[in-house]
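Asker: Test case, fold it:
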Amino acid sequence: MNKIETIVLKNGLTLYLYQDPRRHSTFFELSTNCGGMTKHFIYDDQEYHLPDGVAHLLEHYVVECNDNGNFLEKLGQKQMSTNASTSPFVTNFYFEAVEDVLYGIRTMLDGIYHVRFDEEKMNKIKKPIYQEVRGKFDNKFYQANRHRIPHLFNHIDFIDVGGTLEEVKSVTIQQLEAFYHAFYQPKNQFLVIAGNSSKEEVLKEIEDFYDSLDIDFKETKLIPYEETVDIVKEKGSITFPTPLDYVEITFKIDISSYSPSRLLDLDFYLKSFYSSSFGTTSPLYKQLVDEKVIHDGIRCADLLIDHFLLISIGAYTTNKKKFRDCIFQEIQGLDHLDEEKFEIDKKNSIVQMILREENIFRVIMPFINNVVYFHYPYMDKIEDIEKLTYSDYVDMIHSLDFSRFTYFEILKPKK
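Answerer: Next up, the predicted model:
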């Protein structure tokens, strides 16, 4: 597998270059290290405490309100696949192109760094975001998440990337502009270029652009907080239209001692853990279906926030107490870790890694995720999966502390 080359420009921007002449296309992405969780900071000697939704609003504003017009539309007119997105941690702008790669780079960078702030334009941008936020109101899991997350954190006040209608409406043009200048700085960003492109041409285009950029970047400081492993509330519920009651247990696990490479191992181990303990072939699933406690699958999900791993396990159920008791019994015993299933999962992962070679986007996204979530600029390889052992898997899963959790219910309205 081709290696990724890391280049740091004189302005502090990190560039990751993955060259593969076998490809027909090139993927380009600029990522800014700010997202939904980036809310409290000091910029130009002024302290800011912003609501949820600012990073997402700014993503839309940057695309449309710059000197060159909507750069995603311009790239689309050149038959490029392009988009932008905001996560809790980063904001991304990207395209994939077969031709006109240098044009794409220049067009996207020009737009991102030449934004003009105007209150009337901001209010216009807000309108489709209001529609996007309203579209989530009828989603019971969205509503449950807004109530559940505050049960888990004492000092982290982030709930949702998009924010509420009230939060988005409250954002001022001054806040939006300060957020932009505070974080859209080269030293707080990284570029990824992957595929069939000339290193010399691409690097010259990027260096020439930044050399011509006449912007005075000021120092930005994040306001620190000390989140504890303790949870705020052990139980909660909402009433919402649902065919059956839905229950979910979310465990808050401190993983601050894990190195980036071990977090990558854990990421694989968790998938095998979910499959062995709660998947459709697991003894627990078969038991709960036979006893008519559940009629559908058991949902497992995880999220990394700060240095805490949130593991959620939930299902629609006709017997909430029975389901909850069985989940806790499984977690406490961890008796159904299966070596044969573990080896099958390894083989399946290797097959998926081989198949992702068909598409440059699928090749490079695991690397970007490693940078964003684990601060680990590393392209995982087949050998990384092959070296994983069942004994290490068992030890790591058993070492996770499942003692802190919140239990949440989505209840059917009473007739």
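Asker: Check N2 and give its pLDDT.
Answerer: Note on N2: pLDDT of 61.
Asker: Show me the domain layout of this structure.
Answerer: 5-222, 235-411 (automatic domain parsing).
Asker: Let me have these in JSON lines, adding mean pLDDT and distance to T228 as columns.
Answerer: Every residue, glycine included, has its C-beta placed from N, CA and C. Listed next are those as JSON lines, based on pLDDT from 0 to 100; distance: least, C-beta to C-beta, whole Å:
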{"stretch": "domain 5-222", "mean pLDDT": "95", "distance to T228": "6"}
{"stretch": "domain 235-411", "mean pLDDT": "95", "distance to T228": "9"}
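Asker: Output the ones you listed in CSV, with mean neighbour count appended to each entry.
Answerer: Formatted as CSV, the domains of the chain follow (neighbours: other C-beta atoms under 10 Å):
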stretch, mean neighbour count
domain 5-222, 17
domain 235-411, 16
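Asker: As CSV, those with distance to V229 would be great.
Answerer: Listed next are those as CSV, based on distance: least, C-beta to C-beta, whole Å:
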stretch, distance to V229
domain 5-222, 9
domain 235-411, 5
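Asker: Show me what stretch 83-90 is in contact with.
Answerer: Outside stretch 83-90, the residues that touch it by C-beta atoms under 8 Å, 6 or more residues apart in numbering are 31-37, 55-56, 59-60, 62-63, 72, 91-94, 158, 161, 305, 372-373.
Asker: For stretch 248-257, what is the distance to the chain centroid?
Answerer: 17 Å (C-alpha atoms, centre = their mean, to the nearest Å).
Asker: same deal with stretch 400-415?
Answerer: 23 Å.
Asker: can you dump the C-alpha coordinates of it into PDB?
Answerer: The C-alpha trace of stretch 400-415 is given here as PDB (Å, rounded to 0.1, in the frame of the first residue of the first chain):
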ATOM      1  CA  LEU A 400     -13.500  -1.400  30.000                       C
ATOM      2  CA  ASP A 401     -15.300   0.000  33.000                       C
ATOM      3  CA  PHE A 402     -19.000  -0.300  32.400                       C
ATOM      4  CA  SER A 403     -19.900   0.800  35.900                       C
ATOM      5  CA  ARG A 404     -21.100   4.300  34.900                       C
ATOM      6  CA  PHE A 405     -24.200   4.600  32.700                       C
ATOM      7  CA  THR A 406     -27.500   6.300  32.100                       C
ATOM      8  CA  TYR A 407     -30.700   4.400  31.300                       C
ATOM      9  CA  PHE A 408     -33.200   6.100  28.900                       C
ATOM     10  CA  GLU A 409     -36.600   5.200  27.700                       C
ATOM     11  CA  ILE A 410     -38.700   6.400  24.800                       C
ATOM     12  CA  LEU A 411     -42.300   5.700  25.900                       C
ATOM     13  CA  LYS A 412     -45.500   5.300  23.800                       C
ATOM     14  CA  PRO A 413     -48.100   7.900  24.600                       C
ATOM     15  CA  LYS A 414     -50.800   6.400  26.800                       C
ATOM     16  CA  LYS A 415     -54.200   6.100  25.200                       C
END
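Asker: Excluding sequence neighbours, find me the nearest residue to H295.
Answerer: Among residues not flanking H295 along the chain, Y316 sits closest, at 6.8 Å (C-beta to C-beta, 6 or more residues apart in numbering).
Asker: isn't that neighbour right next to G297, touching?
Answerer: No. Assessed by C-beta atoms under 8 Å, Y316 is found out of contact with G297, at 9.3 Å.
Asker: hey, where'd the helices end up in the stretch 101-250 of the chain?
Answerer: Counting by DSSP state H, counting those that start in this stretch, the stretch 101-250 of the chain has helices at residues 101-113, 119-135, 140-152, 165-170, 173-183, 199-212.
Asker: Now do the last one against helix 101-113, angle only.
Answerer: If I follow you right, that is helix 199-212. Interaxial angle, helix 199-212 versus helix 101-113 (axes from the mean of the first three to the mean of the last three C-alpha atoms, to 10 degrees): 30 degrees.
Asker: Please apply the same query to the second one.
Answerer: When the same axes, to 10 degrees is applied, the directions of helix 119-135 and helix 101-113 differ by 100 degrees.
Asker: And the third one, by the same measure?
Answerer: Following the same axes, to 10 degrees, one obtains 60 degrees for the angle between helix 140-152 and helix 101-113.
Asker: returning to what we had before: who wins for proximity to T220 among the helices of the stretch 101-250 of the chain?
Answerer: Each of these has some distance to T220 by C-beta to C-beta; the shortest is helix 173-183, at 4.3 Å.
Asker: how far does the closest one sit from the chain's center?
Answerer: Taking mean C-alpha positions (C-alpha atoms, centre = their mean), helix 173-183 and its chain are 22 Å apart.
Asker: Geometric centre of this protein: which residue is closest?
Answerer: Centroid-nearest residue in the chain: S87, 4.8 Å away (criterion: C-alpha atoms, centre = their mean).
Asker: Kindly provide the distance from it to L72.
Answerer: Distance of S87 to L72, computed by C-beta to C-beta, to the nearest Å: 18 Å.
Asker: can you give me the strands for the protein?
Answerer: Taking DSSP state E, the strands of the chain run over residues 5-8, 14-19, 26-32, 40-43, 46-49, 81-86, 91-97, 189-195, 220-222, 235-239, 246-254, 299-305, 308-316, 405-411.
Asker: Please produce CSV containing the ones you listed, extended by distance to I112.
Answerer: Putting these into CSV (distance: least, C-beta to C-beta, whole Å) gives the following:
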stretch, distance to I112
strand 5-8, 19
strand 14-19, 15
strand 26-32, 6
strand 40-43, 18
strand 46-49, 21
strand 81-86, 10
strand 91-97, 6
strand 189-195, 9
strand 220-222, 17
strand 235-239, 39
strand 246-254, 36
strand 299-305, 27
strand 308-316, 31
strand 405-411, 39
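Asker: related to what we said a few turns ago, what's the spacing between the residue nearest to H295 and L284?
Answerer: The gap separating Y316 from L284 is 15 Å, by C-beta to C-beta.
Asker: picking that back up, out of the helices of the stretch 101-250 of the chain, which gets nearest to L263?
Answerer: Nearest of these to L263, taken as C-beta to C-beta: helix 140-152 at 19.5 Å.
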